[in-house]
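**Student:** Below are the sequence and a predicted model for it; my questions follow.
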There are 2 protein chains.
Amino acid sequence: MPEFRQNMATREWVIIATERSGRPDQFVRRRAERRILPQLSEGCPFCPGNEDRTPPPSLVLGDGPDWNVRVVPNKYAALRSDNSNDREKVGRFLKAGGYGIAEVIVETPRHDLSIATMPHSQVRLVLEAYRHRITEVAQMPDINFVTLFRNHGERAGTSLEHPHSQLIATPIIPPNLRDQIHQSMMSYDSYGKCVYCEMINEEIRQKERLISDSPQFVAFVPFASRSPFEMRILPKEHRAFFGDVSDQELDDLSRVLQTVLFKIYKGLDDPDYNYIVHSAPVGDDDVKYFHWYLSILPRLTTPAGFEMGSGIYINVMAPEQCAQMLRMVEVGTED
Amino acid sequence: MPEFRQNMATREWVIIATERSGRPDQFVRRRAERRILPQLSEGCPFCPGNEDRTPPPSLVLGDGPDWNVRVVPNKYAALRSDNSNDREKVGRFLKAGGYGIAEVIVETPRHDLSIATMPHSQVRLVLEAYRHRITEVAQMPDINFVTLFRNHGERAGTSLEHPHSQLIATPIIPPNLRDQIHQSMMSYDSYGKCVYCEMINEEIRQKERLISDSPQFVAFVPFASRSPFEMRILPKEHRAFFGDVSDQELDDLSRVLQTVLFKIYKGLDDPDYNYIVHSAPVGDDDVKYFHWYLSILPRLTTPAGFEMGSGIYINVMAPEQCAQMLRMVEVGTED
């Protein structure tokens, strides 16, 4: 029977309607569509030897030319640090200059790897680069919000094959983030607890949507998932700002992140996906009501008019069924 | 130079960044991808002769077997009127039964036409069916929100070729609609005017994004468009509920809707798109601060991690450039 479910943190509703769908294996990528990439691609701006095709890096991890992770300004950025940050009225409309920071985190010199398949030590370095950059960028003038994200594959909005993540920082705080924070604040005021801490406890208690429960992180398919195989990773220790993650947490997170991405890599045969680090606005680092988290969104279905008009997503796969399938995928680390 | 722009009604921001993109004709569908459909398709459940493959209609316009528009319950609906409407706690999580109404509006007996290419009189009938159904469904028990929408093409989330629209009605009012209404309410309280009425006046005054300015409706590419060739149609007379549209307005709307859809059909060579009728929640029919509108969203680009994480859309085509191109497309009505 179809049902509505509410995301307890944002109060957004989804519809879980599994009758229309077939078995989970409908979402496994067809063999013919498989990505087969070379270790090194001559024309790739992110491959070793082509370092002069990107602007000077803001961070390099590794020794000299033998870098491991390289962070560079995005050459084709929508926002730039030398743009104006002035707000201006155009009649009744409001606009602002395109000031912002856009960086690319090149995750490895290897053209053919991804977070799921690279050595574990490399994933740890990628996350270290995230922490370094979000912390530094958050201190830049007038930056109020930093998004870290990864687009994997064409359906996820990228055509650039070389494994990379991105950071975009803006002076703008979007209203949907403010709304989400407002909801979490109201929940804190009612229950005296962070709603994300409560969500973690409830998912651990109910068990059936858990994928990984490690000392410091929990990964699950959320109760109110918008789409099949959506996953979420949260730190058990309450923290609003991703930049405050500890060394020990980074160790654990790098294992959990690689595990869940390997599970969809193997279980769904390398699906296109986005992942996003949701962190508090700059200056809200220590608030008790917001909690950073990482969401992973495989791009397996297409939102249509109803989703776009109502914001209510119809999910054709039960989160419990997705979690069960993912738990069964054996992880063979390549480290 | 890239810039941020704010939607004055919802306060959502977009980034207009045209430097990354090429010319508008990059969005024109390739000839090889063109849809060529038969007038009648034997296996199609919505074609004449196959009426027994759908549940009994809730509305038929036309005479007996020679129907013009046919509205039927959605056989594969995510929501059903015989489901429970109870809300229930699952631990700390909230769920509700899958109660709701889902209908399909079969727009014409012809398999190969669309709103852009059917006779104008037929478009008028489709809109009449919308008005009839939204009004009737809004009176059904516990229905609080009705979405009317159209998915055109695979990228817009449909694989069913026969021209059809859909209606989905829920007891649930999604929080993003409440947030939007709250913003429009605050704007009303500040300025003493409906923010959508103000938006109409401002777009007419600024002219450069207008596509059509008829006696009763205005169509434009919004100042803060999320994506290339987004369009919006609004009634000049303030009305919150679509069901209250007058006969005379329906005449005008059917011409404006067909005109703008013909312009993208011809100008972009039949792109995939969604359109959505945004109407007030049930019971808010007469509120002064909300205004119904129709938004048209061609599916030409792919939202990626940044859009999904921040809600800030990066639009690679200036709305002014899109409007200029669409104004130049000559409309040859087929009536």
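**Tutor:** Received, thanks. Residues are numbered from 1 along each chain as shown, chains lettered A, B, ... in the order given.

**Student:** So what does the closest residue to A:Val71 other than its chain neighbours look like in phi/psi?
**Tutor:** Once flanking residues are discounted, A:Val71 sits nearest to A:Leu59: 4.0 Å by C-beta to C-beta, 6 or more residues apart in numbering or on different chains. Glycine gets a C-beta too; all of them are placed from N, C-alpha and C. The phi/psi pair for A:Leu59 (degrees, to the nearest 10) reads phi -160, psi 140.

**Student:** Over to the one 10 residues further on?
**Tutor:** When quoted as degrees, to the nearest 10, the phi and psi of A:Val69 stand at phi -130, psi 140.

**Student:** Let me know how buried it is, in neighbour terms.
**Tutor:** 24 (other C-beta atoms under 10 Å in any protein chain shown).

**Student:** burial measure for the closest residue to it other than its chain neighbours, as a count.
**Tutor:** Leaving aside its sequence neighbours, A:Val69 sits nearest to A:Leu61 (C-beta to C-beta, 6+ apart; 4.2 Å). By other C-beta under 10 Å, the residues close to A:Leu61 number 17.

**Student:** next one: A:Asn83
**Tutor:** A:Asn83 has 17 neighbouring residues, counting by other C-beta under 10 Å.

**Student:** For it, give its distance to A:Gly97.
**Tutor:** According to C-beta to C-beta, to the nearest Å, A:Asn83 stands 5 Å off from A:Gly97.

**Student:** and for the two, which residues touch both?
**Tutor:** B:Met1 (C-beta atoms under 8 Å, 6 or more residues apart in numbering or on different chains).

**Student:** Spit out the contact partners of the residue in the stretch 151-300 of chain A positioned nearest to chain B.
**Tutor:** Distances between the stretch 151-300 of chain A and chain B by C-beta to the nearest C-beta are smallest at A:Gly157, namely 2.7 Å. If a contact means C-beta under 8 Å, 6+ apart, then A:Gly157 has A:Asn151, A:Asn274, B:Thr302, B:Pro303, B:Ala304, B:Gly305, B:Glu307 as its contacts.

**Student:** Dihedrals phi and psi, the closest residue to A:Asp179 other than its chain neighbours?
**Tutor:** Of all residues not flanking A:Asp179 in the chain, B:Asp179 sits nearest, at 5.1 Å (C-beta to C-beta, 6+ apart). Dihedral pair for B:Asp179: phi -60, psi -40, per degrees, to the nearest 10.

**Student:** Next one: A:Asp66 from chain B, what distance?
**Tutor:** Separation of A:Asp66 from chain B (C-beta to the nearest C-beta, to the nearest Å): 29 Å.

**Student:** For that residue, give the beta-bridge partners.
**Tutor:** A:Asp63 (DSSP bridges).

**Student:** burial of the closest residue to the residue of the stretch 151-300 of chain A closest to chain B other than its chain neighbours, as a residue count?
**Tutor:** Leaving aside its chain neighbours, A:Gly157 sits nearest to B:Ala304 (2.7 Å; criterion: C-beta to C-beta, 6+ apart). B:Ala304 has 21 neighbours, counted by other C-beta under 10 Å.

**Student:** what do you get for A:Pro45?
**Tutor:** So A:Pro45, with other C-beta under 10 Å, has 16 neighbours.

**Student:** Confirm it sits in a helix?
**Tutor:** No. Using DSSP: H, G, I helix; E, B strand; the rest coil, the assignment for A:Pro45 is coil, not a helix.

**Student:** Spit out the contact partners of it.
**Tutor:** Contacts of A:Pro45 by C-beta under 8 Å, 6+ apart are A:Arg53, A:Thr54, A:Lys75, A:His162.

**Student:** thinking the residue nearest to A:Val71 is in contact with A:Ile134, fair?
**Tutor:** No. Under the criterion of C-beta atoms under 8 Å, A:Leu59 is not in contact with A:Ile134, lying 11.4 Å apart.

**Student:** which one of these two has more residues nearby?
**Tutor:** Shown here are A:Leu59 and A:Ile134; by other C-beta under 10 Å, A:Ile134 has more neighbours (23 against 16).

**Student:** A:Phe93 versus that one, what's the distance?
**Tutor:** 31 Å.

**Student:** For A:Tyr188, give me its contacts.
**Tutor:** A:Cys194, A:Val195, A:Lys288, A:Tyr289.

**Student:** The same query, at a cut-off of 10 Å, please.
**Tutor:** A:Cys194, A:Val195, A:Cys197, A:Glu198, A:Val287, A:Lys288, A:Tyr289, A:Phe290 (C-beta atoms under 10 Å, 6 or more residues apart in numbering or on different chains).

**Student:** What's opposite the residue most central in space within chain A in the beta bridge?
**Tutor:** Closest residue to the average C-alpha location of chain A: A:Ile276 at 1.9 Å, with C-alpha atoms, centre = their mean. Bridge pairing for A:Ile276 (DSSP bridges) gives the partners A:Phe149, A:Ser295.

**Student:** so where's the stretch 1-150 of chain A uncertain?
**Tutor:** Applying pLDDT under 70 to the stretch 1-150 of chain A flags residues A:20-24, A:31-32, A:64-65.

**Student:** In it, mark out all the helices, start to finish.
**Tutor:** A:120-138 (DSSP state H, counting those that start in this stretch).

**Student:** just to revisit the earlier point, I'd like the contacts of A:Tyr188 as CSV, with neighbour count, distance to chain B and pLDDT appended.
**Tutor:** Shown next, in CSV, are those (neighbours: other C-beta atoms under 10 Å in any protein chain shown; distance: C-beta to the nearest C-beta, whole Å; pLDDT from 0 to 100):
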residue, neighbour count, distance to chain B, pLDDT
A:Cys194, 21, 13, 98
A:Val195, 24, 9, 98
A:Cys197, 19, 11, 98
A:Glu198, 18, 6, 98
A:Val287, 18, 19, 97
A:Lys288, 14, 18, 98
A:Tyr289, 22, 16, 98
A:Phe290, 27, 15, 98
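
**Student:** can you pull out the strands in the stretch 1-150 of chain A?
**Tutor:** Ranges of strands in the stretch 1-150 of chain A, per DSSP state E, counting those that start in this stretch, are A:3-6, A:13-16, A:59-63, A:66-73, A:87-90, A:93-97, A:101-106, A:145-152.

**Student:** Which residue is the nearest non-sequential neighbour of the residue of chain A most remote from its centre?
**Tutor:** Relative to the centre of chain A, and counting by C-alpha atoms, centre = their mean, the farthest-placed residue is A:Gly91 at 37.3 Å. The shortest distance from A:Gly91 to any non-neighbouring residue, by C-beta to C-beta, 6+ apart, is to B:Glu202 (5.1 Å).

**Student:** pLDDT at the one you found, what is it?
**Tutor:** B:Glu202 carries a pLDDT value of 98.

**Student:** Would you check that it makes contact with A:Phe93?
**Tutor:** Yes. Using C-beta atoms under 10 Å, B:Glu202 is in contact with A:Phe93, at 6.6 Å.

**Student:** Overlap of the contact sets of these two?
**Tutor:** With C-beta under 10 Å, 6+ apart as the test, B:Glu202 and A:Phe93 both reach B:Met8, B:Phe223.

**Student:** Which parts of stretch A:137-151 count as buried, going by neighbours?
**Tutor:** For stretch A:137-151, the neighbour count (16 or more other C-beta atoms under 10 Å in any protein chain shown) marks A:Val137, A:Ala138, A:Ile143, A:Phe145, A:Val146, A:Thr147, A:Leu148, A:Phe149, A:Arg150, A:Asn151 as buried.

**Student:** chain center to that stretch: distance?
**Tutor:** Chain-centre distance of stretch A:137-151: 14 Å, with C-alpha atoms, centre = their mean, to the nearest Å.

**Student:** same question, stretch A:63-74
**Tutor:** 21 Å.

**Student:** same deal with stretch A:162-175?
**Tutor:** 11 Å.

**Student:** Perfect, that will be all.
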